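# need a 3D model of the following:
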Amino acid sequence: MHKIARTGLAAPRNVDEITGSRRLRRMRKADWSRRLVQENRLTVDDLIWPIFLIDGENRREEVAAMPGVHRLSVDLAVKEAERAAKLGIPALATFPNVDLSLRDQTGSEILNPDNLINRATRAIKQAVPEIGMITDAALDPFTSHGHDGILRDGIIVNDETVDQVAAAAVLQAAAGSDIVAPSDMMDGRIGAIREALDANGFQDVAIMSYATKFASAFYGPYREAIGTSGLLKGDKKTYYIDHANSDEAIRETEQDLAEGADMIMVKPGLPYLDIICRLKDEFRVPTFAYQVSGEYSMIEAAAANGWIDGEKAMLESLLAFKRAGCDGILTYFAPRVAELLRG
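Alright, predicted model coming up:
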C-alpha cells in the first residue's frame with residue numbers, strides 16, 4: 001500500500017483501481033455516442049391524441065385549465081384529425097362535452113346512435129379512414145350527476161351500468177370506432193362488451209381496458225373540459241382504485257385480460273410509473289398510459305411561469321412512460337411532440 005510521506009496515511013487509490021477499466025462516462029462524452037447507446041426512444045408512433053368535442057359548427061373553445069387545449073365541433077375535429085394523420089399520429093381518442101339538456105340520471109344519451117361521439121367518429125373515419133379511432137363507453141359525459149355509471153338511491157349500480165356501457169360500445173363500433181376503451185371501472189364490463197361486440201359482428205373491434213384507473217386528484221381539468229366538474233356529487237372512490245394500492249391493480253388487470261381485453265391502460269400516468277412497470281413485467285401485453293389533464297396542466301403552468309423548460313419537461317415526461325414499459329401514451333401534447341419529432 002502506498003504511504004504518504006510525513007503523515008503515514010494511506011494514499012487514495014487511483015480511480016482506475018476503484019473502477020477497474022469501467023468508465024461509464026465514456027459513452028456520454030458526445031451527442032453521437034449518447035444517441036448510439038440510448039435505451040428508450042420516443043417516436044410519433046407512441047402517441048394517441050385525446051380531443052374534446054362540442055356540438056355546433058366551426059366552434060373552438062379553449063379549456064381554461066388546459067392552455068392550448070380546445071373543445072372542437074365535429075367539423076373542426078375532422079380538420080384536426082387530418083392534421084394528426086399528416087403528422088403520423090396513429091390514433092385519436094374522443095371525449096364529448098354534451099349539452100346539459102341531454103344529460104340525465106342514467107346517461108341515456110349515450111344510447112343515441114347519432115350522439116356527439118358517434119357523429120364525430122363517422123365524420124373522422126369518412127375523411128381520414130387511416131387514423132385509428134378510440135372511443136370511451138363510460139357514462140360520465142352523459143349523466144346529470146357526473147358519475148361514470150347509473151345512480152340509484154345514492155349508489156352507482158354495477159350491472160345495470162354494464163348493460164348500458166356494452167350497448168353503447170356496439171353503437172360506437174357501428175359508427176366506426178376501432179377501439180372501445182371503457183373508463184367506468186365497473187366489474188365485468190370488459191366481458192360484457194366483448195360478448196356484445198362479437199354478437200353484433202364486430203369481432204375485429206379491439207378493447208383497451210382502463211384496467212387501473214385510480215381515484216386521483218389529477219382529473220380536475222378534464223372534468224372542466226367535459227363539463228362535469230360542477231355536476232359531480234360526491235367522489236368516485238367506490239369504483240376507482242385506491243391510489244394507495246398496487247396489488248389491487250394487478251388483480252383488476254388480470255380480470256380484464258381474462259374477460260377479453262386486448263390492451264391495458266394505466267391512468268393517471270406519471271404518479272403511477274411503478275404500476276406501469278409491474279403490469280408490463282407481469283402480463284407482457286400492450287400497455288398504455290394516460291398522461292391526464294392535471295399532469296398536462298402542471299407542466300404548462302410551470303412553463304408559463306418560467307419555472308421549468310416546458311418543452312424539455314414535456315419530452316422527458318413522455319420518455320419516462322417508455323422507460324417504464326409503455327407501448328403508447330395518451331397525451332394532450334401529441335401534436336406538439338409530433339411536430340418536434342419531425343424536426
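# if you count neighbours, what's buried in the longest helix seen in the chain?
Across the chain, the helix with the greatest residue count (assigned by DSSP state H) is helix 158-175. When burial is assessed from 16 or more other Cβ atoms under 10 Å, helix 158-175 yields the following buried residues: 158, 161-162, 164-175. C-beta: built from backbone N, CA, C; applies to glycine.
# just the closest of those residues to Glu80, please.
Set against Glu80, the nearest of the buried residues of helix 158-175 by Cβ to Cβ is Ala175 (18.0 Å).
# next, the closest residue to Glu300 other than its chain neighbours: phi, psi?
Across the structure, with Cβ to Cβ, 6 or more residues apart in numbering as the measure, the residue nearest Glu300 apart from its sequence neighbours is Pro67 (5.0 Å). Here the main-chain torsion angles of Pro67 (degrees, to the nearest 10) amount to phi -50, psi 130.
# now Pro67: how far from Met298?
Here Pro67 is placed at a distance of 12 Å from Met298 (Cβ to Cβ, to the nearest Å).
# what's the burial count for the nearest residue to Asp256 once chain neighbours are set aside?
Distance criterion Cβ to Cβ, 6+ apart; nearest residue to Asp256, sequence neighbours excluded, is Ser209 at 4.1 Å. Ser209 sits with 28 neighbouring residues when counted by other Cβ atoms under 10 Å.
# also Asp187?
Other residues lying near Asp187 total 16 when counted by other Cβ under 10 Å.
# what secondary structure does it sit in?
Reducing the assignment to helix, strand or coil with DSSP: H, G, I helix; E, B strand; the rest coil, the entry for Asp187 is coil.
# and the strands in the protein?
For the chain, applying DSSP state E gives strands covering 47-53, 60-62, 70-72, 91-96, 132-135, 150-152, 155-157, 179-180, 206-213, 263-267, 287-291, 328-331.
# rounded mean pLDDT for the second one, please.
Taken as a whole, strand 60-62 has a mean pLDDT of 97.
# got it, and stretch 87-104?
Per-residue pLDDT values across stretch 87-104 average out to 97.
# measure that stretch end to end?
From the first residue to the last, stretch 87-104 extends over 38 Å; the measure is Cα to Cα, to the nearest Å.
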